[in-house]
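Participant: give me the fold of what follows.
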Amino acid sequence: MTFDLAPLDAARDLVAYLCAEFGVAEQLPLYAGGLGVLAGDHLKTASDLGVPLVAIGLLYRDGYFRQHLDAHGQQHADPDPLDPAAHQLELMRNVLGAELRIAVPLADHVLQVRMWRAQVGRVPLFLLDTDCPENSPEDRRITARLYGGNEDTRLLQEIVLGVGAVRAIRGLGLRPTVWHLNEGHAAFAGFERIRELVATGMSFSSALEMVAASTVFTTHTPVAAGHDVFSHGALHHWLGDYFGSLHTTGRRLLALGTNHEGPHRFSMTTFAMRVSRFRNAVSRIHRDVAARMEAYVWPRVPPEENPMQHVTNAVHLPTFLAPEWSSRLDHAAPDWRTGELAPADLEWIAALSDDEFRALRGAGRQRLLADLRQRLIAQHERNRLPADLIAQSIRLLEPRLDRTLIIGFARRFATYKRAAILLSDPRRLARLLGDPQRPVLLVFAGKAHPHDGGGQALIRTLHEHSLKPEFIGRLVVVEGYDIGFARLLVQGCDVWLNTPEYPLEASGTSGMKAAINGGVNLSILDGWWAEGFDGTNGFGIAPRTDLADGGERYGAEASALFETLEREVLPRWFDDPPRWLALARASMRTLLPQFGTARMMGDYVRRLYGPAARQGERMQGRHSRATIEFVRWKKLVHAQAPGLRLDLVSRDPLVASVQLNGLLPKDFIVEFHGSGETRPLELRNSGRDSADYVLAGPRPGPGRVRIVPVHPLLSHRFELGILADAEVAA
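Facilitator: Numbering: from 1, shown residues only. So this is what the prediction gives:
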């Protein structure tokens with residue numbers, strides 16, 4: 001099982017991976033949620049598979065936060081300090097032993113930044129830190145806390161992450177051939193790489209093309225909170241002098257981040273889109289959502305065809321697979337940690353007897369129940385809950401109670417994830433949970449951002465219900481969610497519940513972690529589950545997109561969720577254990593190969609990293625003359641495209657006449673698009689001012705004739721966003 005790096009070349013290629021958070025381990029509080037955990041899994045997988053990669057992030061000395069809930073369910077954010085020495089982080093030094101520093105310009109002064117290294121297997125993770133004695137007290141706090149402070153703090157963190165990452169890479173003597181911006185937080189790296197090229201005498205336009213050619217950008221959410229937008233005034237204040245070194249107008253620079261949000265706002269996502277040529281969403285559904293959201297970049301191109309790809313997220317199997325399952329894989333496929341799993345590697349799952357499978361699953365359940373019992377007792381005792389209520393709250397947490405169905409909901413508490421959807425009908429939920437012959441435990445865990453009042457209100461609502469007589473001991477809300485607790489939950493829960501508002505769940509990975517451990521997903525068909533669900537490996541609830549009213553849709557989906565629990569989940573668990581075990585086996589067998597990060601990394605290498613590395617090479621051809629010529633061609637096509645004219649000469653045979661407006665036939669193709677296919681029209685005759693094109697063979701039906709610019713250096717056929725077309729009726 002050897003991982004194929006092609007089209008990357010380990011001897012000459014290097015991927016620089018930039019992200020605002022990294023969830024490498026629970027002991028290193030550099031992550032807030034799924035984005036960070038995914039980034040950590042990305043690094044571990046690159047190490048496992050030998051992908052040449054270096055990562056850059058920020059060192060948050062105050063971490064994110066430790067969560068505790070008071071007696072009223074109010075979340076409190078306690079400091080989670082990070083001591084570099086305690087975590088064995090290496091302070092980077094030069095050959096003389098002095099601290100290796102980089103300088104980042106801010107307003108009227110220069111910020112000093114030091115670097116620390118955390119080693120993630122074979123992959124180095126360099127962390128930038130502004131807590132230097134030379135900096136002012138305010139500047140020393142810039143990197144203090146993940147997602148902390150106000151808008152200015154966030155902007156300053158992203159300047160340090162973007163500009164600082166490039167300067168750190170150079171200071172370390174590294175030469176990446178691919179730059180991966182994992183979310184828009186690091187997009188200012190584009191400005192710094194452009195500045196470097198401009199300093200060598202290259203024009204801003206050529207520098208932008210060269211930088212974009214080797215840049216990959218991943219967008220992770222359609223939710224507005226995940227797309228930072230800053231005022232032009234703030235950018236002028238903090239980066240005004242720096243902008244002067246880019247040798248173009250401030251208006252042009254700010255236009256790179258301008259979208260529909262207004263002429264005086266700078267979107268980091270928009271800028272990242274325009275400073276990259278390889279862009280991806282994180283699931284198939286999210287690709288379509290992101291393609292519509294960012295359609296303004298290519299307004300003439302149908303969203304289904306614009307330059308947005310997708311690589312569906314996945315999880316690092318060695319991190320989240322229970323030791324019992326890892327041990328079985330070690331025997332069945334000894335090199336499973338260093339390659340992509342195949343269905344044949346999992347045939348042993350079907351060969352297990354029901355008793356063996358149940359015992360393997362039971363080990364994770366017992367660890368979870370023991371941990372939940374300990375956590376809840378400590379949580380309630382601190383909040384002075386009476387002893388009799390504590391006893392009631394933990395009554396289903398005995399490991400010997402193996403008939404109890406454990407349903408887990410654990411993730412970041414954001415309102416669109418709809419954690420409290422089952423409380424839309426509390427009486428029905430009480431009946432579902434309250435049958436003493438069919439014990440059901442509903443476990444909730446997760447953090448809300450300290451500034452997210454709606455998310456914190458959800459936690460309070462759930463906590464309030466967890467202490468009501470009809471729910472106590474059957475619905476529990478547990479504080480202190482982190483990677484370690486998540487690992488116990490996904491290895492021990494029988495059902496993993498996910499109820500997002502479609503289509504706002506870009507991907508989601510917690511359900512993947514449950515599935516690979518034999519847990520069964522019960523989820524709205526959004527994000528990754530729309531790809532993973534096959535009708536035999538879990539339960540899928542179709543989103544009611546036919547209902548425009550949000551309240552009606554919420555109610556209809558809540559009703560469908562209850563019906564699935566009452567008619568399918570509980571009867572199968574309690575009345576037909578063999579059928580339940582078949583469902584759990586199918587969950588593992590079908591989802592382990594598809595949603596391990598080896599598959600995900602293979603997709604990145606083949607679809608994004610390799611093409612970006614080779615595109616960057618092409619743009620550097622003949623000492624960048626290729627880039628200069630490409631920029632001139634782009635400017636010409638953009639200038640002349642509005643004057644292109646397309647007329648249908650005849651419909652059968654299909655003949656189109658194109659007025660070239662000073663362009664040449666080699667500058668574009670003419671094609672028929674319709675009936676599920678795209679076919680080129682052949683040039684019949686040509687001249688300087690016009691050309692006739694004919695469709696060879698029979699016309700398949702109604703469609704459109706289109707003009708699309710072409711050039712060998714285009715990263716995507718619709719990169720220019722230019723498309724002229726005419727309808728061809730039936």
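Participant: list the buried residues for stretch 357-364?
Facilitator: Judged by neighbour count (16 or more other CB atoms under 10 Å), stretch 357-364 contains these buried residues: 357, 358, 360, 361, 363, 364. Glycine gets a C-beta too; all of them are placed from N, C-alpha and C.
Participant: and for the helix or strand harbouring residue 540, what's in contact with it?
Facilitator: In this structure, residue 540 sits in strand 538-541 according to DSSP states H and E. The set of residues external to strand 538-541 that reach it, using CB atoms under 8 Å, 6 or more residues apart in numbering, is 515, 520-525, 529-530, 532-533, 557, 560-561, 564, 568-569, 583, 587.
Participant: strand partners (parallel or antiparallel) of the lengthiest strand in the chain?
Facilitator: Under DSSP state E, the strand in the chain containing the largest number of residues is strand 109-120. Sheet pairing of strand 109-120 (DSSP bridges) gives strand 90-91 (antiparallel), strand 101-106 (antiparallel), strand 123-129 (antiparallel).
Participant: dump these into JSON lines; add mean neighbour count as well.
Facilitator: Output for these, formatted as JSON lines (neighbours: other CB atoms under 10 Å):
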{"stretch": "strand 90-91", "mean neighbour count": "13"}
{"stretch": "strand 101-106", "mean neighbour count": "20"}
{"stretch": "strand 123-129", "mean neighbour count": "23"}
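Participant: nearest to residue 47, out of the ones you listed?
Facilitator: Smallest distance to residue 47 across the strands paired with strand 109-120 (CB to CB): 4.6 Å, for strand 123-129.
Participant: only alpha carbons, please: show the closest one as CSV.
Facilitator: Extracted in CSV, the C-alpha atoms of strand 123-129 (Å, rounded to 0.1, in the frame of the first residue of the first chain):
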residue,chain,number,x,y,z
VAL,A,123,6.1,17.8,9.2
PRO,A,124,7.3,20.9,10.9
LEU,A,125,4.7,23.4,12.2
PHE,A,126,6.1,26.9,12.7
LEU,A,127,4.2,29.1,15.0
LEU,A,128,4.6,32.9,14.9
ASP,A,129,4.7,34.8,18.2
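Participant: show residues contacting the helix or strand that it is followed by.
Facilitator: Per DSSP H and E, the first helix or strand lying C-terminal to strand 123-129 is helix 137-140. For helix 137-140, contacts defined as CB under 8 Å, 6+ apart pick out 106, 111, 130, 131, 132.
Participant: measure the first one to residue 139 for me?
Facilitator: With distances defined as CB to CB, to the nearest Å, the gap from residue 106 to residue 139 amounts to 7 Å.
Participant: now name the helix or strand holding the spatially closest residue to residue 467 that is not a sequence neighbour.
Facilitator: Ranked by CB to CB, 6 or more residues apart in numbering and with sequence neighbours excluded, the top spatial neighbour of residue 467 is residue 389, at 7.0 Å. Taking DSSP H and E as the definition, residue 389 sits inside helix 387-393.
Participant: if you count neighbours, what's buried in the helix or strand following the strand holding residue 540?
Facilitator: Proceeding N to C from strand 538-541, the next assigned helix or strand is helix 550-564, under DSSP H and E. Judged by neighbour count using 16+ other CB under 10 Å, the buried positions of helix 550-564 are 553, 554, 555, 556, 557, 558, 561, 562.
Participant: adding pLDDT and distance to residue 474, write these out as TSV.
Facilitator: Below are the buried residues of helix 550-564 laid out as TSV (pLDDT from 0 to 100; distance: CB to CB, whole Å):
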residue	pLDDT	distance to residue 474
553	96	28
554	96	23
555	97	23
556	97	25
557	98	22
558	98	18
561	98	17
562	98	15
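Participant: which one of those residues is nearest residue 370?
Facilitator: Checking those against residue 370 by CB to CB gives residue 561 as the nearest, at 29.1 Å.
Participant: what sits against the closest one?
Facilitator: Residue 561 is in contact with 421, 422, 499, 522, 541, counting by CB under 8 Å, 6+ apart.
Participant: recalculate using a threshold of 7 Å.
Facilitator: 421, 422, 499, 541 (CB atoms under 7 Å, 6 or more residues apart in numbering).
Participant: farthest pair within those residues?
Facilitator: Once CB to CB is applied, the contacts of residue 561 give 422 and 541 as the farthest pair, at 12.5 Å.
Participant: which element, helix or strand, includes residue 692?
Facilitator: Going by DSSP H and E, residue 692 is in strand 690-694.
Participant: so what are the sheet partners of that strand and their directions?
Facilitator: If you go by DSSP bridges, strand 690-694 pairs up with strand 654-659 (antiparallel), strand 682-686 (antiparallel).
Participant: same for the next helix or strand after it, what does it pack against?
Facilitator: Next helix or strand after strand 690-694 toward the C-terminus (DSSP H and E): strand 703-709. Secondary-structure packing of strand 703-709 (3 or more CB pairs under 7 Å, 6 or more residues apart in numbering; DSSP states H and E): strand 645-651, strand 668-674, strand 724-728.
Participant: show me what the first one packs onto, helices and strands only.
Facilitator: Judged by 3+ CB pairs under 7 Å, 6+ apart, strand 645-651 is in contact with strand 654-659, strand 703-709, strand 724-728.
Participant: same check, this time on the second one
Facilitator: Contacts of strand 668-674 with other secondary structure elements, assessed using 3+ CB pairs under 7 Å, 6+ apart, are made with strand 654-659, strand 677-680, strand 703-709.
Participant: and if we set it to 8 Å?
Facilitator: In this structure, strand 668-674 packs against strand 654-659, strand 677-680, strand 703-709, strand 724-728, with contacts taken as 3 or more CB pairs under 8 Å, 6 or more residues apart in numbering; DSSP states H and E.
Participant: ditto for the last one
Facilitator: Here strand 724-728 is seen to pack against strand 645-651, strand 668-674, strand 703-709 when contacts are counted using 3+ CB pairs under 8 Å, 6+ apart.
Participant: kindly export the last one (C-alpha atoms) in PDB.
Facilitator: Spelled out, it's strand 703-709. Output in PDB follows, covering the C-alpha atoms of strand 703-709 (Å, rounded to 0.1, in the frame of the first residue of the first chain):
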ATOM      1  CA  GLY A 703     -28.600  24.300 -26.100                       C
ATOM      2  CA  ARG A 704     -26.300  27.300 -26.500                       C
ATOM      3  CA  VAL A 705     -23.500  28.200 -28.700                       C
ATOM      4  CA  ARG A 706     -20.700  29.700 -26.700                       C
ATOM      5  CA  ILE A 707     -17.400  31.600 -27.100                       C
ATOM      6  CA  VAL A 708     -14.700  30.700 -24.600                       C
ATOM      7  CA  PRO A 709     -11.200  32.300 -24.500                       C
END
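Participant: may I see the buried residues of that strand?
Facilitator: Neighbour counts using 16+ other CB under 10 Å place 703, 705, 706, 707, 708, 709 of strand 703-709 among the buried residues.
Participant: select the longest helix from this protein.
Facilitator: In the chain, assigned by DSSP state H, the helix with the most residues is helix 354-382.
Participant: check which residues of that one are buried.
Facilitator: Going by neighbour count (16+ other CB under 10 Å), the buried part of helix 354-382 is 357-358, 360-361, 363-365, 367-369, 371-373, 375-377, 379-380.
Participant: ranges for the helices of the stretch 351-500 of the chain?
Facilitator: Taking DSSP state H, counting those that start in this stretch as the criterion, the stretch 351-500 of the chain carries its helices at 354-382, 387-393, 426-433, 453-466, 483-492.
Participant: same check on the stretch 501-650 of the chain?
Facilitator: Listed in chain order, the helices of the stretch 501-650 of the chain (DSSP H, counting those that start in this stretch) span 510-515, 529-532, 550-564, 570-575, 577-594, 597-604, 610-619, 621-640.
Participant: using PDB, list the CA coordinates for the third one.
Facilitator: Which is helix 550-564. Taking Å, rounded to 0.1, in the frame of the first residue of the first chain, the C-alpha atoms of helix 550-564 are listed here in PDB:
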ATOM      1  CA  GLY A 550     -38.000  28.700   8.000                       C
ATOM      2  CA  GLY A 551     -40.400  27.800  10.800                       C
ATOM      3  CA  GLU A 552     -42.300  25.300   8.700                       C
ATOM      4  CA  ARG A 553     -39.100  23.700   7.500                       C
ATOM      5  CA  TYR A 554     -37.700  23.400  11.000                       C
ATOM      6  CA  GLY A 555     -40.900  21.800  12.200                       C
ATOM      7  CA  ALA A 556     -41.100  19.400   9.300                       C
ATOM      8  CA  GLU A 557     -37.500  18.300   9.700                       C
ATOM      9  CA  ALA A 558     -37.900  17.900  13.500                       C
ATOM     10  CA  SER A 559     -41.000  15.700  12.800                       C
ATOM     11  CA  ALA A 560     -39.000  13.500  10.300                       C
ATOM     12  CA  LEU A 561     -36.300  13.200  12.900                       C
ATOM     13  CA  PHE A 562     -38.700  12.000  15.600                       C
ATOM     14  CA  GLU A 563     -40.300   9.500  13.100                       C
ATOM     15  CA  THR A 564     -37.000   8.100  12.200                       C
END
